[in-house]
Each structure stands twice: as C-alpha cells, then as structure tokens.
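Novice: give me a 3D structure for the following:
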Amino acid sequence: MKYVYLAGPIKGRSYDDVTTWRRYVEESLENGIAVLSPMRGKDYLMGERCIQDTYDEVMSTGYASLCRSRFDILSLSQAVIFNFLGAEGVSKGTLIEFGMALAKYPPIVKVVVIDKDNVNNYPFIEEGADFIVDNLDDAIYIINTVLT
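Specialist: Sure, this is the predicted structure:
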C-alpha cells in the first residue's frame, strides 16, 4: 500500500469544507493508494462552521495534531498533496507540514495545488514542490501516475 497525506488549511474553515475535497481525492485514487488525513478520528467536529486551532478532545490538542502530521508525513507517506485552493490566510500548519515533507529522506513527492495569487505562494513552496498545479484533478492524476 502507498500513502498520500492530504494537507491543507483547516483553521477557520467548516468541517464540510475541509473534508469534502479530501473525500474526493480519496475516491479518485487508484487501488493500492490510500489517503492519510489530519481529519481522521475527528467526526466530533461534524457541523463545525469555523474550526479552531485546538480543542479539548484527545485528537485535537496542539500536540496531537503535530504528532499525527509528523508521523504521517515522515513515517508513512510516499507523497503529499498540499491543497491551498481558496485559502484566505496563511496556513501555518500546512506550511509546517510542507517543511516536514521537504526534510524527509528518502524524499517524497510533493504536489502543491494553489491559485495564482494565493497568499501562501512563497519562493520556498515554488522551489520545494515537485509539481505545482491549479486544480485537484491534475494533482490526482500526478499521484496516480507516480505512485502506481
């Protein structure tokens, strides 16, 4: 089994917003490729319209979020999709995850999905990404092609 981690802004967004695109990617991947999501085990956030940084729930503390992201990216993943589409602010957590992916050895595939004028556009992203696209379908195609 190959794994792709699905990174993207969460804080300030609704539960539906942060899970819908992840489900779409998961349903579009070839057999043998599974997703790792920072939202797994967080069904208690269903209905949230504005997700916060942390909650008192065991999987939503700051440490738990960092621990899971670090484990998923550095230990399990062969690729990461960083979806910045529609981000209204700098996504600090996603940028930290990007740094983790950049530091991983052996390297993993880094696919950035980003709008042209997105606030998260930054030279480190442009230079560190393996692929930069402006839609999820291209990102899915890349992952399906590279990981199978």
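Novice: in the protein, which spans are helices?
Specialist: Applying DSSP state H to the chain gives helices spanning 15-28, 62-71, 92-103, 123-128, 136-147.
Novice: closest to residue 114 out of those helices?
Specialist: Taking Cβ to Cβ, helix 123-128 is the member of the helices of the chain nearest to residue 114, at 7.4 Å. (C-beta placed from N, C-alpha, C; glycine too.)
Novice: for the residue of the chain positioned farthest from its centre, what are phi and psi?
Specialist: Residue farthest from the centre of the chain, counting by Cα atoms, centre = their mean, is residue 56 at 22.6 Å. Phi and psi for residue 56, reported as degrees, to the nearest 10, are phi -80, psi -10.
Novice: for it, give its distance to residue 62.
Specialist: The spacing between residue 56 and residue 62, counted by Cβ to Cβ, to the nearest Å, is 11 Å.
Novice: point out where this protein drops to low pLDDT.
Specialist: Within the chain, no stretch has pLDDT under 70.
Novice: now distance to residue 42 and mean neighbour count too, for the helices of the chain, in CSV please.
Specialist: Compiled in CSV, the helices of the chain are given as follows (distance: least, Cβ to Cβ, whole Å; neighbours: other Cβ atoms under 10 Å):
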stretch, distance to residue 42, mean neighbour count
helix 15-28, 8, 16
helix 62-71, 10, 14
helix 92-103, 14, 18
helix 123-128, 26, 12
helix 136-147, 21, 17
